[in-house]
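**Student:** Quick one, structure for this:
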Amino acid sequence: MTSWIAALICLHGAFDGSFPAAAVVGRGGPDAAWAGEGDPLEANPALAAQATGVEAGAGWTRPLDLQGVDLSGFWAHALLSSGTGMALRWRNLSAADIYGEDLASLDVAQSLGPFHLGGGWRWGRLEIAGKPQGSPLGWAAGATATPVGSVRLGASWEDLSGVRPNGLPQPWTFRTAAAAQGLDSTWNAQMGGELRQRGSWTWHAGQELCLDPLRLRMGLRVSPWTLCAGVGGIWKGVMIDYALEDGPNLGLQHHGTVSWRW
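**Tutor:** Residues are numbered from 1 along each chain as shown. Model prediction:
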């Protein structure tokens with residue numbers, strides 16, 4: 001079974017997986033327009049300028065019926081002086097001793113009134129059956145805008161094309177999204193699309209209800225159809241989140257995250 005998973009990963013291209021963040025999964029997936037709680041901000045480098053204060057966290061993902069598949073990672077992001085934000089992430093995916101990859105990211109963003117602009121650097125490591133397959137270097141760029149009230153729009157581009165000849169294909173990714181927050185901040189809604197070089201458009205939508213200290217989340221992805229639901233809690237800046245995802249490729253998946261905002 002592990003060999004089958006490794007083959008599936010290879011056929012879809014390396015570094016296709018999302019960061020293991022339960023709050024993001026519960027809302028349907030990474031959003032390029034809005035920086036939410038418990039969010040590693042992987043969807044758009046410009047989101048680093050939306051963040052408030054400092055946040056750090058770690059997450060994990062476990063498929064319910066598959067052994068030997070492990071996805072984990074950690075992140076930290078901070079809003080510095082003069083509207084400048086910075087985000088750092090690292091993620092690891094392994095399938096026993098058959099397949100392994102690491103991806104590190106560093107983003108810097110600047111707030112310019114209703115706009116946020118950001119760019120970032122990507123580095124990866126890829127192994128199949130213990131043999132190195134290349135170390136891709138890449139970049140990302142993005143922007144968000146707040147045209148009216150609490151409505152936000154965003155778009156980003158990520159390219160991991162700098163790979164050695166013996167490596168697997170590294171697809172570029174384009175994301176676009178829109179998000180809105182209630183006037184009393186008790187709910188958030190988002191929807192967006194993602195296009196990869198090796199695939200077609202995928203779409204997601206989700207909502208989050210904030211009933212302090214609880215967070216209730218529901219999300220849906222299309223192409224392929226995937227249902228997501230999650231719950232979380234926050235106490236004195238410490239956030240614990242859990243999400244359950246049911247997708248066609250890996251079936252039921254557990255997602256857990258612990259993060260701290262101050």
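**Student:** Quick one: neighbours of residue 180, just the number.
**Tutor:** 17 (other Cβ atoms under 10 Å). All C-beta spots, glycine's among them, are computed from the backbone N, C-alpha and C.
**Student:** Please apply the same query to residue 237.
**Tutor:** Look at residue 237: counted by other Cβ under 10 Å, it has 12 neighbours.
**Student:** pLDDT score for it?
**Tutor:** The model reports residue 237 with a pLDDT of 91.
**Student:** list the contacts for it?
**Tutor:** By Cβ atoms under 8 Å, 6 or more residues apart in numbering, the contact list for residue 237 reads 260-262.
**Student:** ok, and the most crowded of those?
**Tutor:** Within these, most neighbours by other Cβ under 10 Å means residue 261, with 18 neighbours.
**Student:** Report the separation between it and residue 192.
**Tutor:** 24 Å (Cβ to Cβ, to the nearest Å).
**Student:** from the contacts of residue 237, which single one is nearest residue 185?
**Tutor:** Taking Cβ to Cβ as the measure, residue 185 lies nearest residue 261 of the contacts of residue 237, at 15.0 Å.
**Student:** Now, the contacts of residue 237 that are in helices?
**Tutor:** Among the contacts of residue 237, DSSP state H puts none in helices.
**Student:** Make CSV out of those residues and add pLDDT and distance to residue 230.
**Tutor:** Converted to CSV, those look like this (pLDDT from 0 to 100; distance: Cβ to Cβ, whole Å):
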residue, pLDDT, distance to residue 230
260, 95, 18
261, 92, 17
262, 85, 23
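**Student:** Kindly indicate which of those lies nearest residue 55.
**Tutor:** Residue 55 lies nearest to residue 261 out of these, by Cβ to Cβ, at 4.4 Å.
**Student:** Can you give me the distance of the nearest residue to that closest one once chain neighbours are set aside to residue 201?
**Tutor:** Closest residue to residue 261 apart from its sequence neighbours, by Cβ to Cβ, 6 or more residues apart in numbering: residue 55 at 4.4 Å. Distance of residue 55 to residue 201, computed by Cβ to Cβ: 30 Å.
**Student:** JSON lines for the contacts of residue 237, including distance to residue 220?
**Tutor:** Below are those laid out as JSON lines (distance: Cβ to Cβ, whole Å):
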{"residue": "260", "distance to residue 220": "29"}
{"residue": "261", "distance to residue 220": "27"}
{"residue": "262", "distance to residue 220": "33"}
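**Student:** Can you list the low-confidence ranges for the stretch 151-262 of the chain?
**Tutor:** Residues of the stretch 151-262 of the chain meeting the criterion pLDDT under 70: 162-170, 249.
**Student:** can you give me the helices in it?
**Tutor:** In order along the chain, the stretch 151-262 of the chain carries no helices (DSSP state H, counting those that start in this stretch).
**Student:** Please enumerate the strands of it.
**Tutor:** 151-162, 173-181, 187-196, 202-211, 214-222, 226-235, 238-247, 251-261 (DSSP state E, counting those that start in this stretch).
**Student:** closest to residue 45 out of those strands?
**Tutor:** That would be strand 151-162 among those, by Cβ to Cβ, at 6.6 Å.
**Student:** and the closest one with strand 187-196, angle?
**Tutor:** Calculated by axes from the mean of the first three to the mean of the last three Cα atoms, to 10 degrees, strand 151-162 forms an angle of 30 degrees with strand 187-196.
**Student:** partners of strand 151-162 in the sheet?
**Tutor:** Taking DSSP bridges as the criterion, strand 151-162 sits next to strand 137-148 (antiparallel), strand 173-181 (antiparallel) in its sheet.
**Student:** and among those, the most buried is which?
**Tutor:** strand 173-181 (a mean of 21; mean count of other Cβ atoms under 10 Å).
**Student:** Which of residue 55 and residue 201 has more residues huddled nearby?
**Tutor:** Using other Cβ under 10 Å, the more surrounded residue of residue 55 and residue 201 is residue 55, with 24 against 12.
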